[in-house]
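Participant: Build me a structure from this.
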Amino acid sequence: MIQVVNGIQALKEIKKANAKTSIIMVTTDNVADTIKELEKLMP
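Facilitator: Sure, this is the predicted structure:
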């Protein structure tokens, strides 16, 4: 069975597996905490 994860968790897992992977993240979430977390993960 496929595990369900949110987009940020998926981004973390992808970066852990291959830090050089280029990712385009699209979200409608505009909560400040979410934006800060994405900025840390995708400098």
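Participant: I'd like the mean pLDDT over stretch 20-27, please.
Facilitator: Averaged across stretch 20-27, the pLDDT comes to 86.
Participant: Let me see the residues that make contact with that stretch.
Facilitator: Contact with stretch 20-27 is made by G7, L11, I14, K15, T34, L38, M42, as judged by CB atoms under 8 Å, 6 or more residues apart in numbering. Backbone N, C-alpha and C define where each C-beta goes, glycine included.
Participant: what's the first-to-last distance across that stretch?
Facilitator: For stretch 20-27, the first and last residues are 21 Å from each other (CA to CA, to the nearest Å).
Participant: Tell me which of the contacts of stretch 20-27 fall in helices.
Facilitator: Among these, the members falling in helices (DSSP state H) are G7, L11, I14, K15, T34, L38.
Participant: need the residues you listed in TSV with pLDDT, can you?
Facilitator: What follows is the ones in helices among the contacts of stretch 20-27, written out as TSV (pLDDT from 0 to 100):
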residue	pLDDT
G7	84
L11	87
I14	90
K15	88
T34	83
L38	84
